[in-house]
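A.B. asks: got a structure for you, letters missing:
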C-alpha cells in the first residue's frame, strides 16, 4: 500500500519482471502477468480497519479537516480492500519502510486519527501503531525500517511503551550513516525493527545490536554478520540501549543496581543548584552542550 500511484505501478512491474526472470519461459508470449490484486494505492493511515464499531483506529474527516481534503488524502479502508484478512484478525506478516515525515507537514491535509503521532511528532510512529493494529495477534510479525530515534528519542517514549505492551519479542538492528548508509540516497540513521505479536501473559523480550559503522565493501555481508544482545533490565519507555556484546549489558545492569533509581545528577549534587546545561539530543558529527541559554 503506497500513497504514490507511480510507486504502485513500479512495484507491479518489478514483481512481474522478477517472475518472468524465474519462470523459465523462453518466449514472453507464454508469460501471464502477475495480478495486481494485492498492490494498492492509498493512504495507509487515513481510513478504517474494521467495518463496524468506533475505535482508536477509526479515522474519518472531522471539523478541522474539510471533507474534500479528506478525499484528496486517499483514505484506504482496510476492511474493504482486504475483507478476508481483516475478518480473520489481520495479516501474518507486515513489512515496510514508513515515511520519515514530521506530522506538522501533513496535519493541514489530513488527520491520522487515534495514534501517538501527535505527541511523537513523526508519521513513522503512526505507521508502527497501525501495523500493530493490522497484525494478527499471537501469530503475526512486523518488519519495519525506521529512524534510529525510536531507540532513545524522548518524544518516542510512548511508542516504545506501546511496543512493549503489544509484542512478545523485539529486535533492533541499528545503523549509522558514516562511512556508509543503508539507503545510499537517504541521509538518515535507521533501525531495522522486527517484532512478534504478544502471547497472553508474556513479557516482551528485547534484543539489540550495536550502532553499526561500516564500509561499502561490507554491504553484501552486513545483515549476515548482525549480532544481537538480549537486554535483561526492564526498559519499557526508557531508551533502548545499543549493545555490542553481553559484557556491555552486564556493565549497565551493575550501574543500574548501584544507582537504585537515582540519576547521575543526584549523585553529583543532592539538591538543585543554579547551574544548568543545555544539550542537543539529535546529533550529526558531535553533541552540542552549552551552559548558557542557546540562541
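C.D. replies: Great, that's in hand. Being a predicted model, the structure only gives us computed values, none of them experimental. Numbers count the residues shown, from 1 in each chain.

A.B. asks: ok, the residue lying closest to residue 189 once chain neighbours are set aside - contacts?
C.D. replies: Of all residues beyond its chain neighbours, the one nearest residue 189 is residue 148 (4.1 Å), with distances taken as C-beta to C-beta, 6 or more residues apart in numbering. Using the backbone N, CA and C atoms, a C-beta is placed for each residue, glycine as well. When the contact criterion is C-beta atoms under 8 Å, 6 or more residues apart in numbering, the partners of residue 148 are 174-175, 189-191, 211.

A.B. asks: quick check: phi and psi at residue 148.
C.D. replies: Residue 148 adopts backbone torsions of phi -70, psi -10, taken as degrees, to the nearest 10.

A.B. asks: repeat for residue 103
C.D. replies: Backbone torsions of residue 103, given as degrees, to the nearest 10, read phi -60, psi -30.

A.B. asks: state the pLDDT value of it.
C.D. replies: Per-residue confidence for residue 103 comes out at a pLDDT of 89.

A.B. asks: tally of neighbours for it?
C.D. replies: The tally of other residues near residue 103 (other C-beta atoms under 10 Å) stands at 18.

A.B. asks: and the one 5 residues further on, by the same measure?
C.D. replies: One way to gauge burial is a neighbour count; for residue 108, by other C-beta under 10 Å, it gives 10.

A.B. asks: sorry, back to before: farthest pair in the contacts of residue 148?
C.D. replies: Across the contacts of residue 148, the longest distance by C-beta to C-beta is 10.7 Å; it joins 190 and 211.

A.B. asks: which one of the two is surrounded by more residues?
C.D. replies: The neighbour count for residue 190 versus residue 211, taken as other C-beta under 10 Å, is higher for residue 190 (23 against 16).

A.B. asks: spit out the residues that contact residue 190 and residue 211 alike.
C.D. replies: With contacts taken as C-beta under 8 Å, 6+ apart, the residues that reach both residue 190 and residue 211 are 148, 174-175.

A.B. asks: give the next helix or strand downstream of the helix or strand of the chain with the lowest mean pLDDT.
C.D. replies: Ranking every helix and strand in the chain by mean pLDDT, DSSP states H and E puts helix 67-72 at the bottom, with a mean of 61. Past helix 67-72, further along toward the C-terminus, the next helix or strand under DSSP states H and E is helix 78-81.

A.B. asks: what is the rounded mean pLDDT of that following helix?
C.D. replies: In this model, helix 78-81 has a mean pLDDT of 94.

A.B. asks: what is that helix packed up against?
C.D. replies: helix 83-87 (3 or more C-beta pairs under 8 Å, 6 or more residues apart in numbering; DSSP states H and E).

A.B. asks: mind listing the strands the following helix or strand past the helix it packs on pairs with, and their directions?
C.D. replies: Later in the chain than helix 83-87, the nearest helix or strand by DSSP H and E is strand 93-96. Using DSSP bridges, the strands paired with strand 93-96 are strand 141-147 (parallel).

A.B. asks: show residues contacting the strand it pairs with.
C.D. replies: By C-beta under 8 Å, 6+ apart, the surrounding residues in contact with strand 141-147 are 92-98, 100, 122, 124, 127-128, 131-132, 135, 167, 182, 188-197.

A.B. asks: how about 6 Å then?
C.D. replies: Residues outside strand 141-147 that contact it (C-beta atoms under 6 Å, 6 or more residues apart in numbering): 93-97, 100, 124, 131, 135, 190-196.

A.B. asks: burial of the residue lying closest to residue 216 once chain neighbours are set aside, as a residue count?
C.D. replies: Counting by C-beta to C-beta, 6+ apart, residue 216 lies nearest to residue 180, which is 4.9 Å off, once chain neighbours are set aside. Residue 180 has 17 neighbouring residues, counting by other C-beta under 10 Å.

A.B. asks: quick check: phi and psi on residue 180?
C.D. replies: Backbone geometry at residue 180, expressed as degrees, to the nearest 10, gives phi -140, psi 160.

A.B. asks: in which helix or strand does residue 251 reside?
C.D. replies: Counting by DSSP H and E, the element that carries residue 251 is helix 246-259.

A.B. asks: buried ones in that helix?
C.D. replies: By 16 or more other C-beta atoms under 10 Å, the buried positions in helix 246-259 come out as residue 249.
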